[in-house]
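> Need coordinates for the following:
(2 chains)
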Protein chains: 2
Amino acid sequence: MITLYKYTHPSRAETVIWALQELGLEYETKEIDGKKGEQRSPEFLAVNPFGKIPTITHEGKHFTESLAIIEYLNELHPDKPLTPNTADENFAEKNYKLRQVISFGMIEIESYLWILTKIKVLDNYENWPEGTANNCMKCIQKALPIAYAWVDEQEYIAGDSFTLADIYYQHLFSWLKMLGVALPEQVQDYLKKLSKREKFPKR
Amino acid sequence: MITLYKYTHPSRAETVIWALQELGLEYETKEIDGKKGEQRSPEFLAVNPFGKIPTITHEGKHFTESLAIIEYLNELHPDKPLTPNTADENFAEKNYKLRQVISFGMIEIESYLWILTKIKVLDNYENWPEGTANNCMKCIQKALPIAYAWVDEQEYIAGDSFTLADIYYQHLFSWLKMLGVALPEQVQDYLKKLSKREKFPKR
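A predicted model of the protein is given here:
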């Protein structure tokens, strides 16, 4: 059995739920109350010493980092549907594209978005200096046109088929929207298309 | 032919050179002078619109994001020696570990390290507020013990064999050292072991 540790509030754990549903895997969830600081309880730290959500357990082992968890779950499926097919003659290029968009998203967008969230949403709990949020937003705005162009150019963010990169970018774009970033029409359409997938989690 | 665009000064491009050498691939390099702003020249922006180094070209196509480039190069080799063997019965777990350590390194370490570098090394060219560097260093220091434990537990950062995650962490740890972070003994030993590899670039 796969057990997913998720926050009671929406978080990156939703990306793992979506992947679990796309893959048709059975799972149970355990809710961690972030407001009560349950992610720092001795029980949860025994599962994930860094106290990060989401975490899954499977066959007595634990797995962390949402994208790495999704890669693991994908490998449990005989067809590995969330990554390019290794038998495809263009595999090297398709796999590159997947890795490129994810790497770019993490370093050029998510890293600043995470600091911005700590400041704006989590009550600046790390006491970032005044003005840091502005700098973060500028860096994000510099990177976004590149990601928007990918949405424009292709059916899915990393090419012509749905991959775990779409699960990642759906979350990233929704997160940006939540923080007040106005997304262009093609990105709104892309999000709409993804939300119409049969296995997209109903919230 | 593979053409690697690298800075005249040491940069992340060195990780691609190391991968090229581990893989025994032939390549040529084109030097971009960062001090002259050549990464923003129309010629280079035609190759990589985001002006990021490293970039490679191969068979008329261009590839960016160092780790994604290394994944691409690895696929050009019949044995794909820089990632776990897909025929291995523990592939799912080994591949997970590789993805986990890279994802963690990018979000919990590299993201803050990059801002820190912009402030301390690149003369704060984005005008980050006073104090931001301190917050970045605190976040890095919080994450590092997790990475140190991986070095302690295993022969290589993602398990018992050398992978592209070692190329990534060699760069990450060296970068931290350059910024004055005192690395524990096991990490120094790990760096020494990596630098003794036959294909490690002589600088």
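
> switch to C-alpha atoms for all contacts and neighbour counts from now on
Will do.

> Next to chain B, which bits of chain A? Give me the list.
A:50, A:64-65, A:67-69, A:71-72, A:75-76, A:92-93, A:95-97, A:99-100, A:103-104, A:106-107, A:110-112, A:126-132, A:135, A:146 (Cα under 8 Å from any Cα of the partner chain).

> Now, these that are in strands?
Counted as lying in strands by DSSP state E, out of the residues of chain A next to chain B, are residue A:64.

> Only the buried members of the residues of chain A next to chain B: can you turn that into a ChimeraX selection?
ChimeraX command restricting the residues of chain A next to chain B to the buried ones, with burial defined by 16 or more other Cα atoms under 10 Å in any protein chain shown:
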select /A:50,64,65,67,68,69,71,72,75,92,93,95,96,97,99,100,103,104,106,107,110,111,112,128,129,132,135,146
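
> out of the residues of chain A next to chain B, which are inside helices?
A:67-69, A:71-72, A:75-76, A:92-93, A:95-97, A:99-100, A:103-104, A:111-112, A:132, A:135, A:146 (DSSP state H).

> hey, where'd the helices end up in chain A?
A:13-23, A:42-47, A:66-76, A:91-104, A:111-120, A:132-153, A:164-178, A:185-195.

> Verify the stated contact: residue A:82 with residue A:167.
No - between residue A:82 and residue A:167 there is no contact under Cα atoms under 8 Å: 9.2 Å.

> which ones are touching residue A:19?
Each residue near residue A:19 by Cα atoms under 8 Å, 6 or more residues apart in numbering or on different chains is listed here: A:70, A:73-74, A:164, A:167.

> Arrange those in JSON lines, one row each, with neighbour count, distance to residue B:189 and pLDDT as further columns.
Shown next, in JSON lines, are the contacts of residue A:19 (neighbours: other Cα atoms under 10 Å in any protein chain shown; distance: Cα to Cα, whole Å; pLDDT from 0 to 100):
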{"residue": "A:70", "neighbour count": "26", "distance to residue B:189": "33", "pLDDT": "98"}
{"residue": "A:73", "neighbour count": "23", "distance to residue B:189": "34", "pLDDT": "98"}
{"residue": "A:74", "neighbour count": "22", "distance to residue B:189": "35", "pLDDT": "98"}
{"residue": "A:164", "neighbour count": "24", "distance to residue B:189": "36", "pLDDT": "98"}
{"residue": "A:167", "neighbour count": "21", "distance to residue B:189": "38", "pLDDT": "98"}
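
> Widest-spaced pair of the residues you listed?
The span of the contacts of residue A:19, defined through Cα to Cα, is set by A:73 and A:167 at 13.3 Å.

> Next, count neighbours for the closest residue in space to residue A:39 that isn't next to it in sequence.
What sits nearest to residue A:39 in space, not counting adjacent residues and going by Cα to Cα, 6 or more residues apart in numbering or on different chains, is residue A:51, at 5.2 Å. Burial measure for residue A:51: 18 neighbouring residues, criterion other Cα atoms under 10 Å in any protein chain shown.

> Surely residue A:51 and residue A:43 touch.
No - using Cα under 8 Å, residue A:51 is not in contact with residue A:43, being 10.1 Å away.

> At the geometric centre of chain A, which residue sits there?
residue A:168 (3.8 Å; Cα atoms, centre = their mean).

> Can you tell me, leaving aside adjacent residues, what's nearest to that residue?
Nearest one to residue A:168, counting by Cα to Cα, 6+ apart, is residue A:15 at 7.0 Å.

> And the residue nearest to residue A:39, how close does it get to chain B?
Relative to chain B, residue A:51 is positioned 11 Å away (Cα to the nearest Cα, to the nearest Å).

> residues in contact with that residue?
Residue A:51 neighbours (Cα under 8 Å, 6+ apart): A:39-40, A:44-45.

> Buried ones among those?
Looks like the contacts of residue A:51 have A:39-40, A:44 buried, using 16+ other Cα under 10 Å.

> Looking at those, which one is closest to chain B?
Nearest to chain B among the buried ones among the contacts of residue A:51: residue A:40, at 14.2 Å, using Cα to the nearest Cα.

> measure stretch A:85-99 end to end?
Counting by Cα to Cα, to the nearest Å, you get 14 Å between the two ends of stretch A:85-99.

> Repeat that for stretch A:116-132.
OK, stretch A:116-132 end separation, Cα to Cα: 8 Å.
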